[in-house]
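>>> take this sequence and fold it.
(one chain, ligands or ions: 1)
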Amino acid sequence: MPADRLIWDNHACMPLRTDAQFLPELHRIRQAGVSVIVLNVMFDNIMPWHEGMKVLSFMRHWVLERKESFLLIDSVADIDEAKRSNRLGIAFDIEGMKALDGNVSMVKTYRDLGVKWMLIAYNRNNKAGGGCMDDDAGLSTFGRDVIREMERVGMGLCCSHTGERTTLEAIEWSRNPVMLTHSNPRALVDHARCIRDNVMVACAAKGGTIGITGYGSFLQNGDSSAENYFKHVDYAVQLIGPEHVTLASDFVFDPEELASFLANPLLGAQRSVPSMFDPAGFPDLANYMLRAGYSDSDVGSIMGGNLYRLAQQVWK
Ligand SMILES: [Zn+2]
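The predicted structure is shown next:
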């Protein structure tokens, strides 16, 4: 694999706590050659936004104390710098607009603290729009206002976990390309969290990206091996082209915390902890693409180049 290839994991999950029990695992992700990892700091229906703010502050502090290994990502230039200095660039995401507590002005606050993307609704409806496991009434006026503010301040919009109607309306309303950062093709796994071909096509038609997740519940047979993960990447590539496909391990570092989250009926996902693709395996995934005949340039786009391009368009 070319040493200069950018590997960008667009979604992974550290425990949403103010302790550093699992954060040192980021050293091993860096050593595996990953250049950017985006960690979630809060999501709808699990904790109030101010608890998430504590998690965000704690993670930022932890990273800033370890500048020799890690770099907080604020701009596209920071990604170049992380790559150049062989550090792991770390950014944050928020799963659901309940984090705004009804205030559009909170978007810029999160953006200024390193939150690079936010999704609309986590499985259940909220003030902004519909969730993928709820009766989706579409994108609300509040949701439209939030999207305009995200465009103004330069934060990425994601529609994973969001209902299909809201997703299609958001893609149409948005002036920027939209991401579905961690959503797998429903043609392969028929689960409410997976997305139909029409959504993938509409997203790509406006320059957006579909991120394939390594979370076992959304992979055929629950198999999170690089070989099986690649099959889902390939489905998306054949449908919408390699320039619109990206990666998100969705790896949960603390399986015990995941087990307790899954017991929450509001999340409505599944009962047992699935197997998950470890982000240290991304170089392996690249090899599967190359063996399948993908060009070196297409592999580079999928591994990180497409998200780099989208960041150039969206971030400010
Ligand atoms: Zn998620």
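>>> now do the helices in the stretch 201-316 of the chain.
226-240, 255-262, 282-291, 296-300, 306-314 (DSSP state H, counting those that start in this stretch).
>>> low-scoring stretches of the chain, by residue?
For the chain, the stretches flagged by pLDDT under 70 are 1-3, 266-271.
>>> so which of the helices of the stretch 201-316 of the chain gets nearest residue 200?
Closest approach to residue 200 among the helices of the stretch 201-316 of the chain is made by helix 226-240 (5.4 Å; C-beta to C-beta). All C-beta atoms are positioned from the backbone trio N, CA, C, and that covers glycine.
>>> pretty sure residue 281 contacts residue 228?
No. Contact criterion C-beta atoms under 8 Å: residue 281 and residue 228 do not qualify, at 11.7 Å.
>>> follow-up on the earlier one: can I get the helices of the stretch 201-316 of the chain in JSON lines with distance to residue 173 and mean neighbour count?
Output for the helices of the stretch 201-316 of the chain, formatted as JSON lines (distance: least, C-beta to C-beta, whole Å; neighbours: other C-beta atoms under 10 Å):
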{"stretch": "helix 226-240", "distance to residue 173": "20", "mean neighbour count": "20"}
{"stretch": "helix 255-262", "distance to residue 173": "30", "mean neighbour count": "15"}
{"stretch": "helix 282-291", "distance to residue 173": "33", "mean neighbour count": "18"}
{"stretch": "helix 296-300", "distance to residue 173": "30", "mean neighbour count": "17"}
{"stretch": "helix 306-314", "distance to residue 173": "15", "mean neighbour count": "20"}
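>>> okay, those in JSON lines with distance to residue 40 next?
Listed next are those as JSON lines, based on distance: least, C-beta to C-beta, whole Å:
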{"stretch": "helix 226-240", "distance to residue 40": "20"}
{"stretch": "helix 255-262", "distance to residue 40": "12"}
{"stretch": "helix 282-291", "distance to residue 40": "18"}
{"stretch": "helix 296-300", "distance to residue 40": "26"}
{"stretch": "helix 306-314", "distance to residue 40": "16"}
